[in-house]
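Engineer: got a sequence here, can you build the structure:
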Amino acid sequence: MTSRRRTVTATALGCGAALLAGAVATGAAAATPGPDGEGDLAGKTAQQISDDALDQLIAAKSLRLRTLTTAGPTRLDISLDQGGNCAGAISKGTLGRVEIIKRGDQVWMKPDAAFWKNQFPGAEGTEAAAKYKDTFLHGTTRDAFLQSVSAACDLTAFQKSAAGTDEPPTNTPSPSVTSTLTKGRPTVHEGTRVLPVIRKFDGAVQTLYVAVKGKPYPLKLTTEIDHETGTILLSNYDRPVPAKTPAPGDTVDIAVFEDMLQGPNNADA
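Structural biologist: Below is the predicted model:
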């Protein structure tokens with residue numbers, strides 16, 4: 001059987017965790033600016049701030065994660081918790097966008113018109129986009145496709161990867177013993193004052209922005225390498241993931257989508 005499925009994945013999640021792990025990896029301390037504006041982080045070294053930020057990430061029961069990169073169209077905006085619940089969206093640019101909700105082993109996915117038309121070129125995709133507009137595909141994590149999509153909902157895996165207890169994804173820079181950590185000058189990120197911690201290694205520059213007041217939450221990470229930039233935004237620490245799920249009348253079984261993928265010649269195979 002020939003399948004036309006082009007799986008929507010959340011590889012940005014794993015890559016983002018590996019980049020964050022790199023940002024807090026041990027490096028040689030370097031000269032830093034004065035403490036003006038550093039708030040509760042004043043007097044701490046860049047390494048101490050990095051370590052404290054990683055501790056806050058690992059301790060989080062839930063958070064909002066956003067990722068983007070100049071290297072590709074994939075965008076992630078999802079709230080997730082350690083129970084595997086999530087709510088948000090994954091976008092692949094012109095290839096389409098899907099909203100995703102996961103509660104326990106139940107998964108709902110709402111594709112946009114671009115997704116349907118990309119999956120099914122021609123009249124079939126146009127008709128599906130119209131027929132299933134504002135409709136969620138529903139199933140469980142026992143379904144291979146929904147399991148793949150909902151992999152983005154695993155906060156625990158993200159935290160383990162950030163802590164360096166999992167193998168990092170391929171094509172991700174490895175920590176370098178020659179890296180250096182320095183403190184930048186305080187700035188503001190989305191209304192919150194933050195202190196940049198900068199790490200340079202192997203031609204890459206990673207900047208971790210840490211909240212200067214209260215808990216030292218890591219709020220933003222940028223990685224610049226080979227003229228490309230990846231960005232991770234972290235927020236809403238320990239806020240519950242929205243628990244609302246679609247009404248039964250707004251859903252269809254995921255089997256509808258998978259039967260379409262098989263095509264009419266294989267539907268009864």
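
Engineer: C-alpha from now on. contacts and neighbour counts both.
Structural biologist: Fine.

Engineer: okay, buried residues for stretch 134-142 please.
Structural biologist: Across stretch 134-142, burial judged by 16 or more other Cα atoms under 10 Å covers Thr135, Phe136, Leu137, His138, Gly139, Thr140, Thr141.

Engineer: what does stretch 226-246 give?
Structural biologist: For stretch 226-246, the neighbour count (16+ other Cα under 10 Å) marks Thr229, Gly230, Thr231, Ile232, Leu233, Leu234, Ser235, Tyr237, Pro240, Val241 as buried.

Engineer: cool, and stretch 143-159?
Structural biologist: Buried-residue list, stretch 143-159, by 16+ other Cα under 10 Å: 145-147, 149-159.

Engineer: circling back to that earlier point, next step: the buried residues of stretch 134-142 restricted to strands.
Structural biologist: Per DSSP state E, strands hold the following members of these: Phe136, Leu137, His138, Gly139, Thr140.

Engineer: just the strands in the stretch 1-150 of the chain please.
Structural biologist: Secondary structure of the stretch 1-150 of the chain by DSSP state E, counting those that start in this stretch: the strands cover 28-29, 62-69, 74-81, 86-92, 97-103, 106-111, 136-140.

Engineer: which of those strands has the lowest mean pLDDT?
Structural biologist: If the strands of the stretch 1-150 of the chain are sorted by mean pLDDT, strand 28-29 sits at the bottom with a mean of 44.

Engineer: could I get the ones in strands among the buried residues of stretch 134-142 as TSV with distance to Ala255?
Structural biologist: Formatted as TSV, these follow (distance: Cα to Cα, whole Å):
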residue	distance to Ala255
Phe136	12
Leu137	8
His138	9
Gly139	8
Thr140	11
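
Engineer: quick check, nearest of these to Gln82?
Structural biologist: Of all those, Thr140 has the smallest distance to Gln82: 18.0 Å, by Cα to Cα.

Engineer: where along the stretch 151-269 of the chain do the strands fall?
Structural biologist: 180-183, 187-189, 192-201, 204-211, 218-225, 228-235, 251-253.

Engineer: out of those, which is closest to Gly84?
Structural biologist: Comparing the strands of the stretch 151-269 of the chain by their distance to Gly84 (Cα to Cα), the top pick is strand 228-235, with 17.1 Å.

Engineer: that concludes my questions; thank you for your assistance.
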